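Show me the folded form of this:
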Amino acid sequence: MHTYKDSGVDKEEGYKAVDKIKSAVAETHNENVLTGLGSFASLYALKDYKNPVLVSGTDGVGTKLAIAFAKDLYDTVGQDCFAMCANDILCQGAKPLFFLDYLACGKLDSDVSSRIVLGMAAACKDADCSLVGGETAEMPGFYKDGDYDMAGFCVGAVEKDEIINGSTITEGDVLLGLSSSGVHSNGFSLVRALVKDLDEDFQGEPVYKELMKPTKVYVRSVLKAMKDCPGAVHGMAHITGGGIPENLPRTIPEGYTAHVNKDDISVLPVFRWLQDKGVPEQEMWGTFNMGVGMILVVDPSSADKLKTSLEQSGERVTRIGSISRGSETLCLK
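From the prediction side, this is the model:
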């Protein structure tokens, strides 16, 4: 006789994982969530919108997970996964409403999987977003024991006449850079090629502690600033893989140039530390966020008020450039 457990799938460990997360997941729910954990699908009532447009995004954490495996640090990568998705849909002016996750592994460890999901739940709760479901796939022989992969799926909504897509960007608009918390969740294949010893010293601590800082979630502070200054935000860019050169142009309309002044950006020490290992300057700016996790393109008459609102929410905000007419979408110098 051969059982599912004999083939490497332990259903009991899955039940344990659910027990460890269900109360934290339930705390993210609000009156709009119409189903509980364990339903075949999640129901969410869309309320308080006149002409809503649904906005969705999906992402993962990438090879940053390899450092989590090596150092048994699973408490922050869940926030990374949520932040990567939620910050993306925020760029369209959307409020994240609900989030789902997907975990895949070779052999399920309920302690590991629950730590990951609890990190997601905490991030969701902070952003007033409901964690409504997910899937944990145990696939022995496909993934090595101890390896995990994850993805997140976020759905939000925005009023149709309040969508932010860069179409209102015009000459004279100001670029506000919101500081990142560190490397966030991009460029880790290069990081891992550069850092052979995760315990190498960085400012008096093992460098892995700096590298594992979770991606900042900008949802609450940016939505509040948009409410404080209606119509003032003309475009947004989440600075992820490819850095400013790849991400900011995605919100700049044809016929305009975003001028970004490197000297106005407070490059975080970790990026200088990595660069000193032999990475060219251009490669650094084209791979990492360099200290700016989100860029807002805003009406100059509202820039100071927006900056104040963001700072009141705990953000570090700097004017890093402006918009002019031009044929190139970006001038970074």
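
check contacts around Ala157.
For Ala157, the contacting residues are 46, 49, 52-55, 94-95, 97, taking C-beta atoms under 8 Å, 6 or more residues apart in numbering as the criterion. All C-beta atoms are positioned from the backbone trio N, CA, C, and that covers glycine.

Out of the residues you listed, which is nearest to Cys229?
Closest approach between those and Cys229, by C-beta to C-beta: Lys95, at 16.1 Å.

one step back: so which of the contacts of Ala157 are in strands?
Of the positions in those, 52-55, 95, 97 sit in strands, assigned by DSSP state E.

Just the closest of these to Gly134, please.
So of the ones in strands among the contacts of Ala157, ranked by how close each gets to Gly134 (C-beta to C-beta), first place is Leu97, at 15.7 Å.

about what we covered before: just among the ones in strands among the contacts of Ala157, which is most surrounded?
Leu97 (23 neighbours; other C-beta atoms under 10 Å).

mind listing what the closest residue to that one other than its chain neighbours touches?
Leaving out its chain neighbours, the residue that sits closest to Leu97 by C-beta to C-beta, 6 or more residues apart in numbering is Gly156, at 5.2 Å. Under the criterion of C-beta under 8 Å, 6+ apart, the neighbours of Gly156 are 54-56, 86, 89-90, 94-97, 129.

returning to what we had before: between the ones in strands among the contacts of Ala157, which sits nearest Gly314?
Closest approach between the ones in strands among the contacts of Ala157 and Gly314, by C-beta to C-beta: Lys95, at 18.7 Å.

The closest one is in contact with Cys154, isn't it?
No - with contacts counted by C-beta atoms under 8 Å, Lys95 stays clear of Cys154, the gap being 10.6 Å.

Phi first, then psi, for the closest residue in space to Ser113 that isn't next to it in sequence.
What sits nearest to Ser113 in space, not counting adjacent residues and going by C-beta to C-beta, 6+ apart, is Ala17, at 4.7 Å. When quoted as degrees, to the nearest 10, the phi and psi of Ala17 stand at phi -60, psi -40.

next one: Val317
Main-chain torsions, Val317, degrees, to the nearest 10: phi -120, psi 140.

Please list all residues in contact with it.
For Val317, the contacting residues are 176-179, 307, 310-311, by C-beta under 8 Å, 6+ apart.

show me where pLDDT drops low in this protein?
Within the chain, the segments meeting pLDDT under 70 span 1.

could you pull out the strands for this protein?
Counting by DSSP E, the chain has these strands, from start to end: 52-60, 95-105, 130-138, 148-159, 174-179, 201-202, 205-206, 233-238, 256-260, 292-298, 317-325, 330-332.

now the ones you listed in a markdown table, with distance to Leu118?
Conversion of those to a markdown table gives the following (distance: least, C-beta to C-beta, whole Å):
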| stretch | distance to Leu118 |
| --- | --- |
| strand 52-60 | 18 |
| strand 95-105 | 11 |
| strand 130-138 | 10 |
| strand 148-159 | 13 |
| strand 174-179 | 26 |
| strand 201-202 | 27 |
| strand 205-206 | 24 |
| strand 233-238 | 24 |
| strand 256-260 | 37 |
| strand 292-298 | 23 |
| strand 317-325 | 30 |
| strand 330-332 | 39 |
